[in-house]
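*Asks:* 3D model of this:
(2 chains)
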Amino acid sequence: MSPTFRTIRELGTDIRAGRLSPVALAEACMTGLDTLGRKLNAVVTITRERALEQARRAERELAAGRDRGPLHGIPYGAKDLLATSGGIPTSWGAAPFHDRCFDYDATVIRRLEEAGAVLVAKLAMVEFAGGMGYRQPNASFTGPGISPWAGDAWSGGSSSGSGSAVGAGLVPFAIGSETWGSILGPATYCSVTGLRPTYGRVSRHGAMALCWTLDKLGPLALTADDCGLVLDAIAGPDREDPTAATRAYRYHASPPADRPFRFAVVRGTVDTAEPAVRDGVRRALDDLRALGTVEEIALADRPYESMARIILWTEAAAAAEQIVERGLIGELTAPEDRVTPYARDAILAKDYLRALRLRGVVAREIDGVLRHFDAIVGPARGTVGPRLGKEFRSALRGGAPDVLGAIGNAAGLPAVGVPCGFTDEGLPIGLQFMGRAWEENSVLAAARAWQARTDWHRRRP
Amino acid sequence: MTSEAEILFALIRSRYGSRLDAAQLEELRTVVDGLVRDVAVLRAAVIPDDAEPAQGFTPYRSDS
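*Replies:* Now for the predicted structure:
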């Protein structure tokens, strides 16, 4: 039975009814990954041995009446920055590390195993999660990630394979990471749903560090509901990661409070998007009014994007110091990644601390705004998927505005990106719901309501 | 390019210039210039004197 484009809940129902074998499901996913997945440059390693072992175990356990929950027997792919044991390489998307192995599993990998999920592949990513300053899609030793929606369009980055594998129906869900845009971007360009959790919600233990105070791990899946199921399995405190929050998380799929949603749109965030995105998001906002109020608000005039960039580039410079000093960047795929990292020495410590001071101010201000709303809504990405071989505009280099991304990531806020339309050329457009810290269930409820009303997430390439 | 950017570029070139060719050095100069411009925008922002860095530190004890 084909796993293509079926949600976690649908697959789980069939598995428990005996209509679908976890082993057959894993095999089908791996076949698709090895064929279409490789054409999309979405795959680094197919983890066949581990997948079959996990799938057979799931089959045995479920037959014996031991049910680990909604992910039991469900295949998934992991961005190749999550450490995996057992001789499975973890490349960070970078040629110098293409065969490097760890002897332990990242906490997220371990938790998904405990939930009975089946790891079928390590998925492609932009080298060093984009931390070296790439400015065109060909920035991974596996080649440029390709969107399932157009053979000449980028899948987005840095969680490229996570986006395109889910978008092509090759896995029901995947794990990605976001420092700034790396979950919501690929989710948009591949027309899937992506959840960026609150900073600290998910342990980063065993994940490549790009930026210690900005990195978040989260799921990409077909629906907001599926993202909630995955977050439920991977969230929670972890002694191995001191930045992991001590508060517990449980996903609640129940309907939100019996009242209309209250949404806010930050002035300027829609109008500054590319015309096709602007028009698509405007239409989405009109549709959203059926679910609640949509109020335009203004934020204080602050250098949000410069603040986020200085934090990102400073921490990235420190995190990658040994890689840069040893000259390993000279082996990277993107020519600009062999040069840009050296420039970060130009950032002075006082300026980094100034960015962190402003960050605290911004975090308090945005919380003061969000306490009056269920979510801020806006474009999940202000640009459409760039064509392969072309330079793209990016907020990380100051080439495209992304106030919501800068604030959301700097303040560590949760956001879910959902499909909301297509351009005339057939490229996907995404809408994001960004909420208060620790309010994943609120943004997921809004996203579920959106997906109950629209069918953008059910369209297939 | 501002004098600050020129000075910082010279510092970086002195550290890593031997690894880079002329085209790469020119690209590096552009990136440094962009960073310095970003920093200038950040420096112009008004921040309250009592705003502390949003940066956590927890004293460590192995038994707690």
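
*Asks:* Every contact and neighbour count from this point should use C-alpha atoms.
*Replies:* OK.

*Asks:* In what element of secondary structure is the residue in chain A positioned nearest to chain B found?
*Replies:* Per C-alpha to the nearest C-alpha, A:Arg357 is where chain A lies closest to chain B, at 3.9 Å. Per DSSP states H and E, A:Arg357 falls inside helix A:349-370.

*Asks:* can I assume A:Ile8 is in contact with A:Gly69?
*Replies:* No: with contact defined as C-alpha atoms under 8 Å, A:Ile8 does not reach A:Gly69; the gap is 10.9 Å.

*Asks:* List the residues that contact the residue of chain A closest to chain B.
*Replies:* Contact analysis of A:Arg357 by C-alpha atoms under 8 Å, 6 or more residues apart in numbering or on different chains lists B:Ile47, B:Ala51, B:Glu52, B:Pro53, B:Ala54.

*Asks:* again with A:Leu123
*Replies:* Per C-alpha under 8 Å, 6+ apart, neighbours of A:Leu123: A:Ala42, A:Val43, A:Val44, A:Thr45, A:Gly77, A:Ala78, A:Lys79, A:Asp80, A:Ser160, A:Gly161, A:Ser162.

*Asks:* Show the model's pLDDT score for it.
*Replies:* At A:Leu123, the model reports a pLDDT of 98.

*Asks:* before we move on, the earlier item: now the residue of chain A closest to chain B, nearest residue through space, not along the chain?
*Replies:* Nearest-residue entry for A:Arg357: B:Pro53, 3.9 Å, with adjacent residues in sequence omitted and distances by C-alpha to C-alpha, 6 or more residues apart in numbering or on different chains.

*Asks:* what's the answer for A:Arg448, then?
*Replies:* Excluding the flanking residues, the one nearest A:Arg448 by C-alpha to C-alpha, 6+ apart is A:Ala224, at 5.6 Å.

*Asks:* what stretches of the chain score poorly on pLDDT?
*Replies:* If you meant another chain, say so; for now it's chain A. A:1-2, A:256 (pLDDT under 70).

*Asks:* Correction: the question concerned chain B.
*Replies:* Ranges of chain B meeting pLDDT under 70: B:64.

*Asks:* Any residues of it in contact with chain A? List them.
*Replies:* Counting by C-alpha under 8 Å from any C-alpha of the partner chain, chain B comes close to chain A at B:5, B:8-9, B:12, B:16, B:20, B:24-25, B:27-28, B:31-32, B:35-36, B:38-39, B:41-43, B:45, B:47, B:51-55.

*Asks:* are any of those residues buried, and which?
*Replies:* In the residues of chain B next to chain A, burial by neighbour count holds for B:5, B:8-9, B:12, B:16, B:24-25, B:27-28, B:31-32, B:35-36, B:38-39, B:41-43, B:45, B:47, B:52-54, counting by 16 or more other C-alpha atoms under 10 Å in any protein chain shown.

*Asks:* Okay, and the beta partners of A:Ala78?
*Replies:* Residues in a beta bridge with A:Ala78, per DSSP bridges, are A:Lys122, A:Ile175.

*Asks:* which residues does B:Ala51 contact?
*Replies:* A:Arg357, A:Leu358, A:Gly360, A:Val361.

*Asks:* Skip the chain neighbours and tell me the closest residue to the third one.
*Replies:* The reference is to A:Gly360. That would be B:Ala54: by C-alpha to C-alpha, 6+ apart, it lies 4.8 Å from A:Gly360.

*Asks:* Show the backbone phi and psi for the most centrally placed residue in chain A.
*Replies:* Per C-alpha atoms, centre = their mean, the C-alpha nearest to the average position across chain A is that of A:Ile183, at 2.2 Å. For A:Ile183, the backbone dihedrals (degrees, to the nearest 10) come out as phi -100, psi -50.

*Asks:* wouldn't it be in contact with A:Ser155 here?
*Replies:* No: A:Ile183 is beyond contact range of A:Ser155, at 11.1 Å (criterion: C-alpha under 8 Å).

*Asks:* what about the closest residue to chain A within chain B, which SS state?
*Replies:* Chain B approaches chain A most closely through B:Pro53 (3.9 Å), counting by C-alpha to the nearest C-alpha. Under DSSP: H, G, I helix; E, B strand; the rest coil, the three-state class of B:Pro53 is coil.

*Asks:* looking at it, it is touching A:Leu353, isn't it?
*Replies:* Yes: with contact defined as C-alpha under 8 Å, B:Pro53 reaches A:Leu353; the gap is 6.1 Å.

*Asks:* Find the nearest non-adjacent residue to A:Glu114, please.
*Replies:* Nearest non-adjacent residue to A:Glu114, counting by C-alpha to C-alpha, 6+ apart: A:Arg68, 7.7 Å away.

*Asks:* again but with A:Glu274, I slipped
*Replies:* In space, A:Glu274 is closest to A:Thr383, 5.5 Å off (C-alpha to C-alpha, 6+ apart).

*Asks:* Next, that neighbour: secondary structure please.
*Replies:* With three-state DSSP as the basis, A:Thr383 sits in coil.

*Asks:* check contacts around it.
*Replies:* A:Ala273, A:Glu274, A:Val277, A:Arg393.

*Asks:* if we go to 7 Å?
*Replies:* A:Ala273, A:Glu274, A:Val277 (C-alpha atoms under 7 Å, 6 or more residues apart in numbering or on different chains).

*Asks:* ditto for A:Gly292
*Replies:* A:Pro260, A:Phe261, A:Arg262.

*Asks:* Please flag which of the contacts of A:Leu123 sit within helices.
*Replies:* Among those, the residues falling in helices (DSSP state H) are A:Ser160, A:Gly161, A:Ser162.

*Asks:* Any of these buried? List them.
*Replies:* A:Ser160, A:Gly161, A:Ser162.

*Asks:* can you tell me how far the nearest residue to the second one once chain neighbours are set aside sits from A:Ile329?
*Replies:* In space, not counting the residues next to it along the chain, A:Gly161 is nearest to A:Ala42; the distance is 3.8 Å by C-alpha to C-alpha, 6+ apart. Counting by C-alpha to C-alpha, to the nearest Å, the separation of A:Ala42 from A:Ile329 is 22 Å.

*Asks:* between the two, who's got more neighbours?
*Replies:* Set A:Ala42 next to A:Ile329 and count neighbours by other C-alpha atoms under 10 Å in any protein chain shown: A:Ala42 wins out with 34 against 26.

*Asks:* Next to chain B, which bits of chain A? Give me the list.
*Replies:* Neighbours of chain B within chain A, by C-alpha under 7 Å from any C-alpha of the partner chain: A:302-303, A:306-307, A:339-340, A:342-343, A:345-346, A:351, A:353, A:356-361.

*Asks:* And the contacts of stretch A:237-253?
*Replies:* Contacts to stretch A:237-253, defined as C-alpha under 7 Å, 6+ apart, come from residues A:200-205, A:225, A:228-229, A:232, A:235-236, A:441.

*Asks:* Widest-spaced pair of those?
*Replies:* Greatest spatial distance in these: A:His205 and A:Asp225, 25.3 Å, computed using C-alpha to C-alpha.

*Asks:* which secondary structure element contains the residue nearest the centre of chain B?
*Replies:* Centroid-nearest residue in chain B, with C-alpha atoms, centre = their mean: B:Leu35, separated by 6.4 Å. Secondary structure from DSSP H and E places B:Leu35 in helix B:22-44.

*Asks:* any residues touching that helix, and which ones?
*Replies:* A:Pro303, A:Ser306, A:Met307, A:Val339, A:Thr340, A:Ala343, A:Ala346, A:Asp351, B:Met1, B:Ala5, B:Phe9.

*Asks:* residues contacting the residue with the largest distance to the centre of chain B?
*Replies:* Distance from the C-alpha centroid of chain B peaks at B:Asp63, with 38.1 Å (C-alpha atoms, centre = their mean). B:Asp63 makes contact with no residue under the criterion C-alpha under 7 Å, 6+ apart.
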